[in-house]
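Enquirer: Give me a 3D structure for the following:
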Amino acid sequence: MKTLSALALVALLAGCHFDKLFSAGERPVSHGTPVGLTFYTTLGTARAGQRITPPVQVGIVDSVGNPIAGVDSAVAITLGANPGGARLSGTDTVAAVNGVATFADLHIDKPASGYTLTATGAGLPAITSAEFAVDPGPPDTLRFTTQPGGAMADSAIKPPVQVAAFDSLGNAATNFTGAVRLTLGNGTSGATLSGGGPVNAVAGVATFPNLRVDRSGTGYTLRAAFGTAAPLAESAPFAISPTPPPPPPTGDLSVTTATTGPSQDPDGYTVSVDGGQQSRSIPTSGTVTFQGLTAGNHTVTLSGVATNCTVSGGPSQQATVPASSVGTVTFSVSCSATTGSITVTTSTSGSPQDPDGYTVTVDGAQSQPIANTGSATFLDLASSNHSVALSGVAPNCSVSGGPSRVVGVTAGGNTQVPFTITCAPPPNQPPVVTAGSKQNEITGIAVSLQGASFSDPDHDGPWSVTIDWDDGNSSQFTMTSEGSIDATHTYVVVLPTEFHVTITVEDAHGARGSASKTIAVALL
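Expert: Residues are numbered from 1 along each chain as shown. Okay, the predicted model is just below:
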């Protein structure tokens, strides 16, 4: 037996096409030598459980693809690629007639795409067909894939009921797009089903999003049918509950508080409706609204009211809520004082006064700035004794009676605490003079005073400067600013001599400061 080469296969296919071209599709019979197998049938789309049509034909062919006359060898067909895990049924081994084996009753039981067939026989190499698909068989039965759940009368059943079609082999009929109809089965009790279709299936599944039963009951079932045909499937039992009565009419309630007087509660109150079924915080003077209350009478209570406050008419009142409208209730609260206050005043005379004023402190905890002559008030102080202290007083000022005292505060009262401050100028301070270090000079030559300067703590110029040169001569002059003292003097001596020079500075108010240094004069 000859082995087909690639060239022979090309010749085989070409010969096959040319033979068909010039013989109107008939296959001429060859008397040559068998060299291979070929599929004569082009496989299209088969249906699960049904015969593959046209029948599969496999030829035992010569080198140009023609069947061999008289050859009756057995040819076997098996599944090649099997993406659906299917089973091939029918006569799978057939004797060839004049080189052609015909498989008339082959069928595959599972739908999928990508199947192939493999043919073997006559001692020739096996061959594999082109890929082909198997669709589901015709829809044969129906199944509820989403069962009906409970619902209220005349309300849509959720989730939507779904019914799927299947072929006779139990394969999902995903290619089915026909109509499916639902009707009531058991438990009708005069009830009516709406939304049961017919509904066209999508990919083999019919969905019923608006199924409703108009009467309550138990043991209901649904029956599914193809279009107008007899039902083929029945759902699990389900119940329909009665439609609840409509809710009672409702309205809103607006609650207002109006509080007067001192020492009001800083965190407000709590208002409750019907014994605390609903509670809200409310400011001492404000409004809150309760929504969706049943129309009719309700008890409204105000709580959290401080002991020093009184609610006019009592903390509990009756209020009427009108249907679809707003009722109102107002609580008037009056409060008496539980604390008092301290007002501190300052009165300062004399000069110079402190430019930034003072600080007043109560009980060592609360502080406020206060002007040289001014006032500061401390509120909400307990009814008891309190310490008041004035600080930041300049050294040249004094507080009459001292800067600290203890005073009493009464509820609702204001305690006045006056501080009288008197300021006087501080004593005048003399200038501070520096003479500088010892100088060595030459006789007959003008001496420049070196290193001498002054400053004045009070800065009260102008200043009168006197220099005693210690030779019977002195220099006097006036300076208008603090700093270096500049002066010159000429000494005439015949022997080396040291002079004790004294520098005196007097401010505008007569305060004096002095310093001395030595100037040694020698011959040239």
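Enquirer: Just to check, residue 271 is in contact with residue 279?
Expert: Yes: counting by C-beta atoms under 8 Å, residue 271 touches residue 279, with 7.1 Å between them. Yep, even glycine has a C-beta here, placed from its N, CA and C like the rest.
Enquirer: who has more neighbours, the two?
Expert: Taking other C-beta atoms under 10 Å, residue 271 and residue 279 do not tie; residue 271 has more neighbours (24 against 14).
Enquirer: Quickly list what that one is bridged to.
Expert: Beta-bridge pairing for residue 271 (DSSP bridges): residue 280, residue 302.
Enquirer: Could you list which residues are in contact with it?
Expert: 255, 257, 279, 280, 282, 288, 300, 301, 302, 303, 331 (C-beta atoms under 8 Å, 6 or more residues apart in numbering).
Enquirer: Same list (these) but as JSON lines, adding distance to residue 249.
Expert: Below are the contacts of residue 271 laid out as JSON lines (distance: C-beta to C-beta, whole Å):
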{"residue": "255", "distance to residue 249": "20"}
{"residue": "257", "distance to residue 249": "28"}
{"residue": "279", "distance to residue 249": "23"}
{"residue": "280", "distance to residue 249": "22"}
{"residue": "282", "distance to residue 249": "26"}
{"residue": "288", "distance to residue 249": "22"}
{"residue": "300", "distance to residue 249": "19"}
{"residue": "301", "distance to residue 249": "24"}
{"residue": "302", "distance to residue 249": "26"}
{"residue": "303", "distance to residue 249": "29"}
{"residue": "331", "distance to residue 249": "26"}
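Enquirer: Can you flag the buried ones in the residues you listed?
Expert: By neighbour count, with 16 or more other C-beta atoms under 10 Å, these hold 255, 257, 282, 300, 301, 302, 331 as buried.
Enquirer: Send over whichever strand or helix holds the first one as CSV, restricted to the C-alpha atoms.
Expert: Meaning residue 255. Using DSSP states H and E, residue 255 sits within strand 250-260. The C-alpha coordinates for strand 250-260 follow below in CSV (Å, rounded to 0.1, in the frame of the first residue of the first chain):
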residue,chain,number,x,y,z
THR,A,250,-50.6,60.8,59.5
GLY,A,251,-49.5,64.4,60.1
ASP,A,252,-46.7,66.3,61.7
LEU,A,253,-46.3,68.0,65.1
SER,A,254,-44.2,71.1,65.6
VAL,A,255,-43.0,71.6,69.2
THR,A,256,-41.6,75.1,70.3
THR,A,257,-39.8,76.1,73.5
ALA,A,258,-39.6,79.8,74.7
THR,A,259,-37.3,80.3,77.7
THR,A,260,-36.9,83.5,79.7
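Enquirer: residues in contact with it?
Expert: In contact with strand 250-260 (C-beta under 8 Å, 6+ apart) are residues 265, 268-269, 271, 273, 280, 282-295, 298, 300, 302, 309, 319, 321-335.
Enquirer: re earlier: now for the buried ones among the contacts of residue 271: which two are most distant?
Expert: 257 and 301 (12.5 Å; C-beta to C-beta).
Enquirer: Which residue ranges of the stretch 101-250 of the chain form helices?
Expert: In order along the chain, the stretch 101-250 of the chain carries no helices (DSSP state H, counting those that start in this stretch).
Enquirer: now do the stretch 301-450 of the chain
Expert: Under DSSP H, counting those that start in this stretch, the stretch 301-450 of the chain gives no helices.
Enquirer: In the stretch 51-200 of the chain, where is pLDDT below threshold?
Expert: Counting by pLDDT under 70, the stretch 51-200 of the chain shows low-confidence ranges at 187-188.
Enquirer: show me what contacts residue 453?
Expert: Counting by C-beta under 8 Å, 6+ apart, residue 453 has contacts 433, 434, 436, 482, 483, 484, 485.
Enquirer: Pick the one among these closest to residue 239.
Expert: Residue 239 lies nearest to residue 482 out of the contacts of residue 453, by C-beta to C-beta, at 109.1 Å.
Enquirer: That closest one against residue 460, yeah?
Expert: No: counting by C-beta under 8 Å, residue 482 does not reach residue 460; the two are 10.6 Å apart.
Enquirer: ok, the contacts of residue 453 vs residue 381, which is closest?
Expert: The closest of the contacts of residue 453, once distances to residue 381 are taken by C-beta to C-beta, is residue 482, at 51.4 Å.
Enquirer: where does the closest one fall, phi/psi-wise?
Expert: When quoted as degrees, to the nearest 10, the phi and psi of residue 482 stand at phi -80, psi 150.
Enquirer: so who does the closest residue to it other than its chain neighbours touch?
Expert: Distances taken as C-beta to C-beta, 6 or more residues apart in numbering put residue 455 closest to residue 482, at 4.9 Å, once the chain neighbours are dropped. When the contact criterion is C-beta under 8 Å, 6+ apart, the partners of residue 455 are 431, 432, 482, 483.
Enquirer: Tabulate the residues you listed in TSV, adding columns for pLDDT, neighbour count and distance to residue 400.
Expert: Output for those, formatted as TSV (pLDDT from 0 to 100; neighbours: other C-beta atoms under 10 Å; distance: C-beta to C-beta, whole Å):
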residue	pLDDT	neighbour count	distance to residue 400
431	95	25	35
432	96	14	35
482	96	16	37
483	95	9	42
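Enquirer: re the thing from before, filter the contacts of strand 250-260 down to the ones in strands?
Expert: Using DSSP state E, 269, 271, 273, 280, 282, 286-294, 298, 300, 302, 309, 319, 321, 326-335 are the members of the contacts of strand 250-260 that sit in strands.
Enquirer: now those: which count as buried?
Expert: Of those, these count as buried by 16+ other C-beta under 10 Å: 269, 271, 273, 282, 290, 293, 298, 300, 302, 309, 319, 321, 327, 329, 331, 333, 335.
Enquirer: From residue 323, how far off is the second one?
Expert: To residue 323, residue 271 is 22 Å away according to C-beta to C-beta, to the nearest Å.
Enquirer: can you check the third one too?
Expert: Between residue 273 and residue 323 the computed distance is 17 Å (C-beta to C-beta).
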